[in-house]
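Participant: Mind folding the following:
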Amino acid sequence: MGFVHEDVDRCYRAVQGRDPRFDGWFYTAVLTTGIYCRPSCPATTPQRDNVRFLPSAAAAQAAGFRACKRCRPDASPGSPEWNGRADLAARAVRLVADGVVDREGVAGLARRLGYTERQVERVLVAELGAGPLALARAQRAQTARLLIETTSLPMAEVALGAGFASLRQFNDTVRAVFGAPPTALREAARRRRMSGTPSTTAAAGTLALRLPFRAPLLPDNLFGHLVATAVPGVEEWRAGEYRRVLRLPHGPAVVSLRPPDRGTTYVAARLALPDLRDLQAALSRCRRLLDLDADPVAVDEALAEDPVLTPLVTAAPGRRVPGSPDAAELAVRAVLGQQVATAAARTHAARLTRAHGEPVADPGGALTSAFPSVEALAQLDPAALALPRSRRTALVALVRALADGSLDLAPGADRAAARATLLALPGIGPWTADVVAMRGLGDPDAFLPTDLGVRGGARRLGLPVTAGALEARSVRWRPWRAYAVQHLWATGEHRVNRLPGAGQDTEEPLEERTSA
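Facilitator: Numbering: from 1, shown residues only. Model (predicted):
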């Protein structure tokens, strides 16, 4: 869609039609009221001369506009523009979303991106209408509202969890952004619950949250993949929820994610978070894990232009790419999974976790440990690994590159540079590098032409199956080839394609486990 907010005619038509597909792509600032809204806001459409279209909530707030109380634009899904793109602005947005500015300041953000603070500021203002501090402020306000309305935490703890430096700064920001003090927002939320608006409940000591997404969302392959490849002790499926341990800046947390019911536009999440300062990082990583900032309509429309994929897209709209909350973890697991079936890859990862993972308490389930950190893995004895020599060599080289910083797999990583660095490591080939790009770094165009599941799907659809020919055929699916992979995988009978307990399971390898 590009810079949607610059196409005034298109934006105004979307507002007139209250089109929810554009939520998060741009925001409507109403000059006469000082309010900014989503395109789908149910309020009366303002006159065209009275609106401005802005690329981000932060830009609207920086221009002095307050969030609409009806459509709650701060709670809309994130823009696919910044989720999918790989340039400096997109990398910066992903890092801001992960809480880097709150933890390390603008200097830390610039250092991670490899640019000066001035360069980062200039690019973000040009493309998003707001600099890194304004983006972080908007995100803190959004997190604050979430905690105010969905928890009974004291306001001082809400301020801490949202990343504010003081209670006064928290109060001033909430008033400026939402046009009401924190206590009024909480009271309004209480009245909505009493009037019958559904609410998410959670056990004591947990936060109950809603993670919005753009419809449609097909949960089958998304949750099915995560569960079928789950590492025992780190991940599990329990009582209709996918649960896992998240490694966060201030310690591990446990999250439970429930597949959405038909007709809903959010994933219900329960988060046991020992340190509230990690809330924003946890939310950002859960969104990456479930690919919640994708634009399924744009993806499906593009893939359906190929007659071969049309029936697959029509039958199963809204497929997402199962991601990872930690690309370094995903990279280690990809190396462990080279040349073995899914079950064996899980066994290797579980063994590594038992030996080097950080223990966690999980009274409500069977989770025992966070996946080992890079620092912990850097201390392991390669001779103690029950792996073939080539895979031991690859694993050690990967961990060393992550530990010394020569390989960057953070949310703001340069995807092309990361792939090139991975391919330069011994024992790591295109399949491993592209799995990391697709599932770890969220590259929407990553493709796996040597993958057994992809080749099997291609064969069933009458497409070429040799790597070179399939790569050439996939050009017409750009820039959404990672989603085409999901459709090709889904033509098979592997259990990654369905929710646990649905249909027959098979234990054949999903991917071609090769680093060559």
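
Participant: and stretch 305-325, what's its mean pLDDT?
Facilitator: The pLDDT scores in stretch 305-325 average 98.

Participant: roughly how far is that stretch from the heart of the chain?
Facilitator: Mean-position distance between stretch 305-325 and its chain equals 18 Å (Cα atoms, centre = their mean, to the nearest Å).

Participant: Could you list the buried residues of that stretch?
Facilitator: 306, 308-309, 312-313, 316-325 (16 or more other Cβ atoms under 10 Å). Using the backbone N, CA and C atoms, a C-beta is placed for each residue, glycine as well.

Participant: ok, now stretch 125-134?
Facilitator: For stretch 125-134, by 16+ other Cβ under 10 Å, it's 125, 127-134.

Participant: now stretch 54-64
Facilitator: For stretch 54-64, by 16+ other Cβ under 10 Å, it's 54-62.

Participant: Return the subset of those lying in strands.
Facilitator: Leu54 (DSSP state E).

Participant: so which pair among the buried residues of stretch 54-64 is furthest apart in space?
Facilitator: Using Cβ to Cβ, the pair of the buried residues of stretch 54-64 lying farthest apart is Pro55 and Gln61, separated by 12.5 Å.

Participant: mind exporting the longest helix seen in the chain as CSV, just the C-alpha atoms?
Facilitator: Criterion DSSP state H: the longest helix present in the chain is helix 132-150. Extracted C-alpha coordinates of helix 132-150, given in CSV (Å, rounded to 0.1, in the frame of the first residue of the first chain):
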residue,chain,number,x,y,z
PRO,A,132,11.8,8.2,18.4
LEU,A,133,10.8,9.9,21.7
ALA,A,134,7.4,10.7,20.4
LEU,A,135,6.9,7.1,19.2
ALA,A,136,8.0,5.8,22.6
ARG,A,137,5.7,8.2,24.3
ALA,A,138,2.7,7.1,22.2
GLN,A,139,3.5,3.5,23.0
ARG,A,140,3.8,4.2,26.7
ALA,A,141,0.4,5.8,26.6
GLN,A,142,-1.1,2.8,24.8
THR,A,143,0.4,0.4,27.4
ALA,A,144,-0.8,2.6,30.2
ARG,A,145,-4.4,2.6,28.9
LEU,A,146,-4.2,-1.2,28.6
LEU,A,147,-3.2,-1.5,32.2
ILE,A,148,-5.6,1.1,33.5
GLU,A,149,-8.6,-0.5,31.9
THR,A,150,-7.8,-4.2,32.3
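
Participant: Near the residue lying closest to Arg186 once chain neighbours are set aside, how many residues? Count them for me, please.
Facilitator: Among residues not flanking Arg186 along the chain, Ile148 sits closest, at 5.1 Å (Cβ to Cβ, 6 or more residues apart in numbering). Other residues within reach of Ile148, judged by other Cβ atoms under 10 Å, total 26.

Participant: ok, now Arg262?
Facilitator: 6.

Participant: which SS class is it?
Facilitator: coil (DSSP: H, G, I helix; E, B strand; the rest coil).

Participant: which phi and psi does it have?
Facilitator: phi -60, psi 130 (degrees, to the nearest 10).

Participant: Same check on Leu207?
Facilitator: Per degrees, to the nearest 10, the backbone of Leu207 is at phi -100, psi 130.
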